[in-house]
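[1] I would like to see how this sequence folds:
(one chain, ligands or ions: 2)
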Amino acid sequence: MVHHETPGRDLTTEADAPDKEWLERGRLLFAGPCDFVKGVVALSGLPDADRAEVAFAGRSNVGKSSLINALTGRKTLARTSNTPGRTQEINYFRLGPADGENLYVVDLPGYGFAQAPKPMVARWTRLVNGYLKSRPSLLRVFLLIDSRHGPKSADTAVMKDLDTAAVSYQVVLTKADKITGAELSKCIESTGAVMRKHPAAHPEIIATSSVKSAGIDLLRAEIAALAAAP
Ligand code: GTP
Ligand code: MG
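    Numbers count the residues shown, from 1 in each chain. Ligands and ions are numbered 1, 2, ... in the order given. Purely as a prediction, here's the structure:
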């Protein structure tokens, strides 16, 4: 059984639990430096794909920026907001020392914001699809889904894009503090059923709460393992 950083209900099953070594390596990775590198508004502004990176994608307001802050233990590294559409750029963060081995953590602008004007939606699609296709260094996309709602049509559309681009991705459920344990189990089950239809999807689902810091250690361990893989 995994011991979470904060006491509370266990959000994962034993089968999902990484071993202690990876939890510790994940903790160490995210305890080190993490610095904002740049905000990218056009594909030409992407940094060289000269090191590994992981990206966080998901609907507007799902909690991408909050999750990056929870992972790094820094409240204001990525800008969060109650207003959907807060993050409009591809934001690059460098995890690890600037002069040593490091990887990029990428905060993507959210999609599926119902009130978003059409040009904004078109811009997002162009930028993010272009990004996904041009990053051989992209190890995995963490696709965030609100645990209260489960996957929506905008999410399954992105899954299809990722399948087509053969980009590996994994679902992370967010805001688990807002529902009961039983509701969360149901969401994990129904989301799992959707994921099994998508060839590029990683089968394990990580349930998190940035507010309660639940599941954050598991996600750190997952990223540490990804970064260490040859
Ligand atoms: P965009 O940049 O607009 O795409 O949004 P985002 O996905 O980066 O979401 P953001 O992190 O800005 O969070 C949106 C809202 O959800 C904020 O009001 C957060 O405080 C709230 N929120 C994020 N994570 C959690 C969580 O785990 N639990 C709860 N209760 N609220 C959360
Ligand atoms: Mg954001």
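[2] What are the boundaries of the strands in the protein?
    34-40, 53-58, 90-95, 103-107, 138-146, 169-174, 201-207 (DSSP state E).
[3] export those to JSON lines and tack on distance to ligand 1 and mean pLDDT?
    Any C-beta I mention is one placed from the backbone N, CA and C, and that applies to glycine too. JSON lines is the format used below for the strands of the chain (distance: least, CB to the nearest ligand atom, whole Å; pLDDT from 0 to 100):
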{"stretch": "strand 34-40", "distance to ligand 1": "12", "mean pLDDT": "92"}
{"stretch": "strand 53-58", "distance to ligand 1": "6", "mean pLDDT": "96"}
{"stretch": "strand 90-95", "distance to ligand 1": "9", "mean pLDDT": "94"}
{"stretch": "strand 103-107", "distance to ligand 1": "7", "mean pLDDT": "95"}
{"stretch": "strand 138-146", "distance to ligand 1": "7", "mean pLDDT": "97"}
{"stretch": "strand 169-174", "distance to ligand 1": "5", "mean pLDDT": "98"}
{"stretch": "strand 201-207", "distance to ligand 1": "10", "mean pLDDT": "95"}
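[4] least trustworthy helix or strand in this protein by mean pLDDT?
    Counting by mean pLDDT, DSSP states H and E, the chain has its least confident helix or strand at helix 118-133, which shows a mean of 84.
[5] Okay, angle between that helix and strand 90-95 too, please.
    40 degrees (axes from the mean of the first three to the mean of the last three CA atoms, to 10 degrees).
[6] Could you give me the buried positions within helix 118-133?
    Arg123, Trp124, Leu127, Val128, Asn129, Tyr131, Leu132 (16 or more other CB atoms under 10 Å).
[7] picking that back up, using TSV, please lay out the strands of the chain together with mean neighbour count.
    Below are these laid out as TSV (neighbours: other CB atoms under 10 Å):
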stretch	mean neighbour count
strand 34-40	16
strand 53-58	24
strand 90-95	22
strand 103-107	23
strand 138-146	23
strand 169-174	25
strand 201-207	19
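[8] Can I get those strands in CSV including distance to Ala116?
    CSV is the format used below for the strands of the chain (distance: least, CB to CB, whole Å):
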stretch, distance to Ala116
strand 34-40, 19
strand 53-58, 14
strand 90-95, 17
strand 103-107, 18
strand 138-146, 17
strand 169-174, 20
strand 201-207, 26
